[in-house]
Structures are given as structure tokens and as C-alpha cells.
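In: Need coordinates for the below:
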Amino acid sequence: MYFSSHLSCGLLLGALTKSSVGAFGLGLVSHAALDMVPHHDYRSVGGAAIDLVTGLTILSTIRTLFADISGPLFWGAVGATIPDLEVALRHVLPRYNFKALFPSHSGALPHPQRKFPRGVFVQVVLTTVCLFLTCYFGVVC
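Out: Sure thing, here's the model as predicted:
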């Protein structure tokens, strides 16, 4: 699952819970749940870099728009995205044999893949819905 997809779900959890601790914990759970949805993963460093910049721009924009719940938004996003740090380290430092710890990365949970464009379409829809709901709950609640 792409960084932006995980991040948008974490933002939504922050907007719903209004709790930094709750959003972080639920963000970790959401990462595993989203990894079990059939999706497309990066095939290049360039794609990962573009997604990372896009995700960080989204994070900055949403936190600015909803400054009163900025903490929970941030911690929800961190909880939802931090498990992929172990994946990034394995690619950045290939000489070191990092053993995956997170359940959806270690094989303890399924991590089904879909080819382009279907696997990307799933994530575009997910990200759009999560960002829309984040804005809705950030304003209403």
C-alpha cells in the first residue's frame, strides 16, 4: 500500500478520535488492515519518492487547515505509516539483512498484490474517501 494511502487513513483516524494516543494506536492497526486489501506496491524508487512528497504535502495541508486537532492528525498519520520504515530501510540498506517485524511484512498476515492499474485505483479511491471524511469530521466534530 502506498504511503499516501496509509497516511490518509491515519489522518482520518486522528480526525475521528481527536486523541493523539488513540490515533497512533489505531493507525498501527489500520496499517495491517490496509495491507491485507489487494493493492499495488511501488516498483521504483522514483514512484516512492513522488508518493512520499505527495503524502507529506497532504499532511502539511490538512494539519494547517485543522490546527485545533493537529496533534491527533499527525500521530494518526505517524502510526499508520511508520511500519513501512522497515520496508524502506531494507531497500535503502540492502547489504543489511533486516528481518521484517510488522505482521503484514513478515508474512504473518496476508499482503495480496494487484497489478497496475487496478491496484492503484483501489488506493486512489481509498485516499480520496479518507481525505474527504477527514475534512468533514475535522469541520463538523
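In: Could you use CA atoms for every contact and neighbour count after this?
Out: Noted.
In: OK, contacts around Ala48?
Out: Applying CA atoms under 8 Å, 6 or more residues apart in numbering, we find Ala48 in contact with 2, 42.
In: Okay, buried residues for the helix or strand hosting it please.
Out: Ala48 belongs to helix 45-65 when elements are defined using DSSP states H and E. Neighbour counts over helix 45-65 (16 or more other CA atoms under 10 Å) mark 48, 51-52, 55, 58-59, 62-63 as buried.
In: Repeat that for stretch 68-86.
Out: Going by 16+ other CA under 10 Å, stretch 68-86 has these buried residues: 69-84, 86.
In: cool, stretch 98-115 as well?
Out: Here stretch 98-115 shows 102, 104-105, 110-111, 113 as buried, counting by 16+ other CA under 10 Å.
In: Now do that stretch: distance to the chain's middle.
Out: Put simply, stretch 98-115 sits 15 Å off its chain's centre (CA atoms, centre = their mean, to the nearest Å).
In: ok, now stretch 51-59?
Out: The answer for stretch 51-59 is 10 Å, by CA atoms, centre = their mean.
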